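J.: Sharing a model prediction with you, sequence too.
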Amino acid sequence: MRARYPDPEGTVVRDGVALGYEVFGEAPRADRPTILLLPTWTIIHTRFWKMQVPYLARHFHVVVYDGPGNGTSDRVTDPSRYTPQSYAADAAAVLDVCGVERAVAIGLSRGAWYALELAALRPDTIVGLVLVGPALPLAPALPHRAQIGDHFLDPAPQDPQGWDRYNLAYWHAHYDDFTQWFFEQVFSEPHSTKGLEDAVAWAKGAGPSMLEAEARERGPSRPAADLLAEIRCATLVVHGCDDLIQSHDVGVEAARLSGGTLISFDGSGHMPNLRDPVRFNRLVREFVERVA
C-alpha cells in the first residue's frame, strides 16, 4: 500500500519509447512551480521518491516519471536512449504532456546530470535545480571506486571483493548478489534495513540487460562543469558526508560552479532523501517557495 496514490497517471511516447508518469497534488499554477522528480540510474525506478511525494504533494504540483528500462516505462536496450540528453528530452516530453510551464527539477546521483541537461534544454521552464549526491565528474573518485571501469568487460570474477562486482559478466551471472551488495554501499548508515530491502526489490524491475545498455552509452555530452557554470536558475546541492558512491567533494564543486547552496547531511550516505526524509523534504519545500 502506498502513502499516496497518483491523481492522474499516464504514458507519453517519445521517439518510440513509452514513459510512464504520475501526477500528484494541485494543478499547475503560474505563481507556484511544479516539482519534477527525475529518474536516476536504471537499476531502480522512481519509487525511490516515495518519502517525498506525499509531503510535497500537499504543497505543490508534483510530477514523477520512470526513465526507460524500469518501472512503468518500456524496456529499451538501445544505448542512445540512456544519454543525459535523451533523459532531458524525455523529461521535457513529460512536462509538456502534464501542461507544466515552470518547474523545479530534482535529480539524485545520475539524475543530477539529467537535471542539468534539462535546464540547458528548457531554460525558460526550469526555475530551480536540486542536485542530490550528484554523480558528476567534478572531483577525483573515491579511492575504492577509482578503478571500477578497468575490468568491466573482463570475465566474471570468481571470488569478487568489493567493487570487483562492477563487472558486466558478473551482473548477468549474479545480478541478485550485485544489487544486494551495491545497495549496502548506497545505504552506508547503520539500521537502514527498510531502504536496503526496498531498493533491492526495485532493482528486480530492470535486470542486467537494462544496466548493460546504459553502461554502453557513450554518446557525446557537454562537460558537467560547463553545464553548471551556465546555470541561471537557483541551485541547491544536497550531499551526504558519508556517501560511499560519490565523493562529498563533488557536491562541494557542484555548488561552487553553479553558484548554488550546499547542504551537507552529516552521517548520511548516497540517498539522504530516504534516510532523512523530514529534513530533506523541508529543505525542498523552503527552496521551491523561495524560487517561486
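T.: Looks like it arrived, so ask away. Since this is a predicted model, take the numbers as computed values, not measurements.
J.: what's the burial count for residue 89?
T.: As a burial measure, residue 89 scores 19 neighbours (other C-beta atoms under 10 Å). Yep, even glycine has a C-beta here, placed from its N, CA and C like the rest.
J.: show me what contacts it?
T.: Residues near residue 89 by C-beta atoms under 8 Å, 6 or more residues apart in numbering: 14, 15, 121.
J.: now the farthest one out in this structure, which residue is it?
T.: residue 158 (31.3 Å; C-alpha atoms, centre = their mean).
J.: Doesn't that one belong to a helix?
T.: No - Residue 158 is assigned coil when assessed by DSSP: H, G, I helix; E, B strand; the rest coil, not a helix.
J.: Helices - which of the contacts of residue 89 land there?
T.: residue 121 (DSSP state H).
J.: Of the contacts of residue 89, keep whichever come out buried.
T.: residue 14 (16 or more other C-beta atoms under 10 Å).
J.: for the contacts of residue 89, which one is nearest residue 254?
T.: residue 121 (18.7 Å; C-beta to C-beta).
J.: from the contacts of residue 89, which has minimum pLDDT?
T.: Checking pLDDT across these, the minimum falls on residue 15 at 94.
J.: Quick one: mean pLDDT for stretch 69-86?
T.: Rounded mean pLDDT across stretch 69-86 is 95.
J.: scratch that, stretch 206-226
T.: On average, stretch 206-226 scores 88.
J.: Tell me which residues are up against that stretch.
T.: Counting by C-beta under 8 Å, 6+ apart, 41-45, 69-70, 75-86, 113, 116-117, 120, 136-138, 152, 168, 171-172, 175, 257 sit against stretch 206-226.
J.: and these, which are buried?
T.: Applying 16+ other C-beta under 10 Å to the contacts of stretch 206-226 flags 41-45, 69-70, 76, 79, 81-86, 113, 116-117, 120, 136, 138, 168, 171, 175, 257 as buried.
J.: For the contacts of residue 89, please prepare TSV with the additional fields distance to residue 249.
T.: TSV is the format used below for the contacts of residue 89 (distance: C-beta to C-beta, whole Å):
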residue	distance to residue 249
14	35
15	36
121	27
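J.: For this protein, just list every one of the helices.
T.: Ranges of helices in the chain, per DSSP H, are 53-56, 84-97, 110-121, 168-173, 175-186, 193-203, 208-215, 224-230, 248-258, 272-275, 277-291.
J.: Tell me how far the fourth one lies from the chain's centre.
T.: How far helix 168-173 lies from its chain's middle: 23 Å, per C-alpha atoms, centre = their mean, to the nearest Å.
J.: try the second one
T.: On the basis of C-alpha atoms, centre = their mean, helix 84-97 is displaced by 14 Å from the centre of the chain it belongs to.
J.: buried set for that helix?
T.: For helix 84-97, by 16+ other C-beta under 10 Å, it's 84-95, 97.
J.: Then stretch 213-233?
T.: In stretch 213-233, counting by 16+ other C-beta under 10 Å, buried: 213, 214, 215, 224, 227, 228, 231, 233.
J.: what's the closest of those residues to residue 101?
T.: Closest to residue 101, out of all of these and judged by C-beta to C-beta, is residue 233, at 14.1 Å.
J.: Test my guess that that closest one contacts residue 120.
T.: No - in this structure, residue 233 is not within contact of residue 120 by C-beta atoms under 8 Å, at 10.7 Å.
J.: if I look at the residue lying closest to residue 112 once chain neighbours are set aside, how far off is residue 111?
T.: Distance criterion C-beta to C-beta, 6 or more residues apart in numbering; nearest residue to residue 112, sequence neighbours excluded, is residue 134 at 3.4 Å. Look at residue 134 and residue 111: by C-beta to C-beta, to the nearest Å, they are 9 Å apart.
J.: Tabulate the buried residues of stretch 213-233 (JSON lines), appending distance to residue 30.
T.: As requested, the buried residues of stretch 213-233 are exported to JSON lines (distance: C-beta to C-beta, whole Å):
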{"residue": "213", "distance to residue 30": "39"}
{"residue": "214", "distance to residue 30": "36"}
{"residue": "215", "distance to residue 30": "41"}
{"residue": "224", "distance to residue 30": "31"}
{"residue": "227", "distance to residue 30": "27"}
{"residue": "228", "distance to residue 30": "28"}
{"residue": "231", "distance to residue 30": "23"}
{"residue": "233", "distance to residue 30": "17"}
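J.: Pick out whichever of these sits closest to residue 126.
T.: Of the buried residues of stretch 213-233, the one sitting nearest to residue 126 (C-beta to C-beta) turns out to be residue 233, at 5.7 Å.
J.: Brilliant, that's me finished.
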